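Peer 1: A predicted structure for the sequence below; I have some questions about it.
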Amino acid sequence: MQLVRHFAPTAGLALALLLGWEVYCRLSGIPSFVLPPPSGVVRVLWTERSAIGPHALATIGVATLGFGLSVAFAFAASVALHFLPWLRRGAMPIFVASQTIPIVALAPLMILWFGFGLLPKVLLVILVTFFPILVSLLSGYAAVPQAWLDLLRSMDAGRAAIFRRVTLPAARASFLAGLRISATYAIVATIFAEYAGARRGLGIYILAAKNNFRADLVLAAVALSAALTLALLGLLRLADRITAGRFGGPADAAG
């Protein structure tokens, strides 16, 4: 019941927008090849499921691999930057500069350098999703109350013990926030990489549908990509609920 109350406003607003879209398409007389109604998008999504399905699976595979590697790399980098302040001072400007590169320019270069295989798409997903996770982890590490650190130091705890028992658990909320931000980019980055050049994926499907002037197929692929992003966010929310309360505080260091 609590879950229903939580999502009821969002579902109601989404249904109202879709209903308004449907009514406008039916009453305005706008051609369906210009702006198909939501019912037409749902219908073509079902009738073309055998064609769009393999492309969606290819996108899911790339996004999952790229996002997983991004999380691993961001965590490893955050630990290194946390323990080595000189490395943080030197590396952070480079990481920030990497986020200023337009993805519209980088994606074709990735394809040019690494071909049409898996590698360029995974690298692009990592580049897009890496920075928010890294920054959220570093912010979480820095937010540990000084009293907790003083308590552990009074127990003769080393830097590694302090990090493991207090700093890392305290960064959990920031880490999950960074994951949610990056997750919203993972599918989009994958599709953009496929759009720039790939053999299979929703990006290629959208490009082919656009070239054939099939707005309904384009919107069907867009709706599917949005559903995949929401599913990924739902998995992260589930992970948040499962892991809530499983991390101890500074008192655990006494053990």
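Peer 2: Cool, got the structure.

Peer 1: So for H55, what's the pLDDT?
Peer 2: Reading off the per-residue confidence, H55 sits at a pLDDT of 92.

Peer 1: Kindly apply the preceding question to S39 instead.
Peer 2: As predicted, S39 sits at a pLDDT of 89.

Peer 1: buried sites along the helix or strand encompassing it?
Peer 2: With elements taken from DSSP states H and E, the one containing S39 is helix 38-47. Buried residues in helix 38-47, counting neighbours by 16 or more other Cβ atoms under 10 Å, are found at P38, G40, V41, V42, V44, L45. Placement of C-beta: from N, CA and C, glycine included.

Peer 1: Who are the packing partners of it?
Peer 2: Using 3 or more Cβ pairs under 8 Å, 6 or more residues apart in numbering; DSSP states H and E as the contact criterion, the elements in contact with helix 38-47 are helix 2-28, helix 215-243.

Peer 1: Mind naming the longest helix for this protein?
Peer 2: Secondary structure of the chain read by DSSP state H shows that its longest helix is helix 49-83.

Peer 1: Please point out which parts of it sit buried.
Peer 2: Of the residues in helix 49-83, those buried under the neighbour-count criterion (16+ other Cβ under 10 Å) are 52, 55-56, 58-63, 65-67, 69-71, 74, 77-79, 81-82.

Peer 1: List the contacts of stretch 226-242.
Peer 2: Taking Cβ atoms under 8 Å, 6 or more residues apart in numbering as the criterion, the residues outside stretch 226-242 that touch it are 56, 59-60, 63, 67, 176, 179-180, 183-184, 186-188.

Peer 1: helices and strands of the protein: which one bottoms out on pLDDT?
Peer 2: Of the helices and strands making up the chain, the lowest-confidence element is helix 146-154, at a mean of 72, by mean pLDDT, DSSP states H and E.

Peer 1: before we move on, the earlier item: most packed of the helices and strands packed on helix 38-47?
Peer 2: Ranked by mean neighbour count, the helices and strands packed on helix 38-47 are led by helix 215-243 with a mean of 16 (mean count of other Cβ atoms under 10 Å).

Peer 1: before we move on, the earlier item: ok, and for the next helix or strand along the chain from the least confident helix or strand of the chain, which residues are buried?
Peer 2: Beyond helix 146-154 on the C-terminal side, the first helix or strand identified by DSSP H and E is helix 159-162. Counting neighbours by 16+ other Cβ under 10 Å, one finds that the buried residues in helix 159-162 are I162.

Peer 1: hey, C-alpha coordinates of helix 159-162 in CSV?
Peer 2: Taking Å, rounded to 0.1, in the frame of the first residue of the first chain, the C-alpha atoms of helix 159-162 are listed here in CSV:
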residue,chain,number,x,y,z
ARG,A,159,44.0,4.3,8.1
ALA,A,160,42.8,1.1,6.4
ALA,A,161,40.7,0.1,9.4
ILE,A,162,39.1,3.5,9.6
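
Peer 1: and that helix, what's its mean pLDDT?
Peer 2: When pLDDT is averaged over helix 159-162, the result is 77.

Peer 1: So for whichever helix or strand comes after it, mean pLDDT?
Peer 2: With elements assigned by DSSP H and E, the helix or strand that comes after helix 159-162 is helix 168-170. Summarised as a single mean, pLDDT over helix 168-170 is 84.
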